[in-house]
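Q: Need coordinates for the below:
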Amino acid sequence: MSARLLGSVAIWCVALWLLPGQSLAVTDDMEQDLWTFVDTNAEYDGTAEAGYSTADCTSPTRSIRLSLSGGGTEGHDGDTIYATRTFAANGEDQFLQLMYNVAQQTDGDSWGGQHGAADVVVTVYDADGVPLGTCIYRLACSDLHESEYWYEHMGGDAGSPCHQAGVIYIGTPDEGGEYEPGPAWRTLNVVLSRDIAVDWANVASVEVKLVLGSCFMHLDTFEVFFDDLAITPVPANVLIHPDTLNVKSGGRWITAYINLPEGFDVDDIDVATVALDGIPAVRGNVEDEGILMVKFERAAVAALIEASNPKLPVDVTLTVTGLVGGVPFEGSDTIRVIGPGKTPVPPPKSAKVAARRK
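A: Prediction:
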């Protein structure tokens, strides 16, 4: 048996076609009342908007939109707008996943979007609210002039936004060394502890700031949408077989197929750390197409389910955890559990790893 990732379709109440690079998860972390929106320059002579949008989003109902447009050439552009939210820390090696879509429109007069940048800024704090460390992920930037005169309009910044030390640039620069906005939705996937060197035992909270800033716009528009954010262990796509489990039937194994997001390799999963709701994996091996297959004792899984004394038949969600390269991952699947003499009824399928059965 082998398995492959369903990378084109997600099910969330209704079918939702995924755009290139889009993740399968849909979270509630983009709800408007969870975020604080700030405009840092009231003198900006264009239009600065930081708010909530349903017009362009990856999930069915929500997206955070930051937009700068129509600024002049009088030297008091340089607006910066952002949305910020603080999350409770959940341990070392937290994984940040965020969808984003950046668009920049210029009129070709050389003023548009000079020194603009779209960033995700992550800061970690201790229990007293003292910042312990920070990291900037630059999703897009524009640097049309190399004169220090233009840098002064960014508050005296001595460096271009496309060539700043201490910033992690996402994507690939163009021939001029600029990190251009992308034409479609993309995914930011990072393990925070790899980029923020602190003692994570002291981290109590994680602040995520979504930022858009530009020096000169001059009738142009710089816009970014953010959606589908999660700070979790690395999200694994998991398929558990069989789809229907008779707690009194024979058979020795429960099998889980595991697929990881881009940037992680199932070859780096330590099988000795893999468990299904605390039941350790007996063995595992990597199949084709980047799938790890792991086996669990069927009797142990059935006993775990029966211990909760469920009223059969019932749908049960099982969670697989483990470490990939020392980083925690986690993924779940739902199966149907029946008793003796019950007719198997497959559970409803969510978006996950699909199986090709021999």
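Q: Can you name the residues that contact Trp200?
A: 89, 91-93, 124, 193 (C-beta atoms under 8 Å, 6 or more residues apart in numbering). Just so you know, the C-beta spots here come from the backbone N, C-alpha and C atoms, and that holds for glycine as well.
Q: Go through those and name the one nearest Ala281.
A: For the contacts of Trp200, the residue nearest Ala281 by C-beta to C-beta is Asp93; the value is 20.1 Å.
Q: State the phi and psi torsions of the closest one.
A: The phi/psi pair for Asp93 (degrees, to the nearest 10) reads phi 60, psi 40.
Q: What is the burial count for it?
A: Other residues lying near Asp93 total 19 when counted by other C-beta atoms under 10 Å.
Q: Could you chop this structure up by domain?
A: 31-232, 234-356 (automatic domain parsing).
Q: Dump these to CSV, plus mean pLDDT.
A: Output for those, formatted as CSV (pLDDT from 0 to 100):
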stretch, mean pLDDT
domain 31-232, 78
domain 234-356, 85
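Q: about what we covered before: among the contacts of Trp200, which are located in strands?
A: With strands taken from DSSP state E, the overlap with the contacts of Trp200 comprises Val124.
Q: What subset of the contacts of Trp200 is buried?
A: 89, 92-93, 124, 193 (16 or more other C-beta atoms under 10 Å).
Q: can you redo those residues as CSV with distance to Val294?
A: Shown next, in CSV, are the buried ones among the contacts of Trp200 (distance: C-beta to C-beta, whole Å):
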residue, distance to Val294
Ala89, 29
Glu92, 24
Asp93, 21
Val124, 33
Ser193, 25
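Q: Out of these, which is nearest to Arg65?
A: Proximity of the buried ones among the contacts of Trp200 to Arg65 was ranked by C-beta to C-beta; the top entry is Val124 with 26.3 Å.
Q: So that closest one is in contact with Gly133, correct?
A: Yes. Because the distance of 5.5 Å satisfies C-beta atoms under 8 Å, Val124 is recorded as touching Gly133.
Q: between these two, what contacts are shared?
A: 196, 198.
Q: Buried ones in stretch 133-145, by neighbour count?
A: Taking 16+ other C-beta under 10 Å as the criterion, stretch 133-145 shows 133-144 as buried.
Q: so Gly251 sits right up against Arg298, yeah?
A: Yes. Contact criterion C-beta under 8 Å: Gly251 and Arg298 qualify, at 5.2 Å.
Q: For those two, work out which one has more neighbours and name it.
A: Higher neighbour count among Gly251 and Arg298: Arg298, with 18 against 11, using other C-beta under 10 Å.
Q: surely that one meets Val247?
A: No. Between Arg298 and Val247 there is no contact under C-beta under 8 Å: 9.6 Å.
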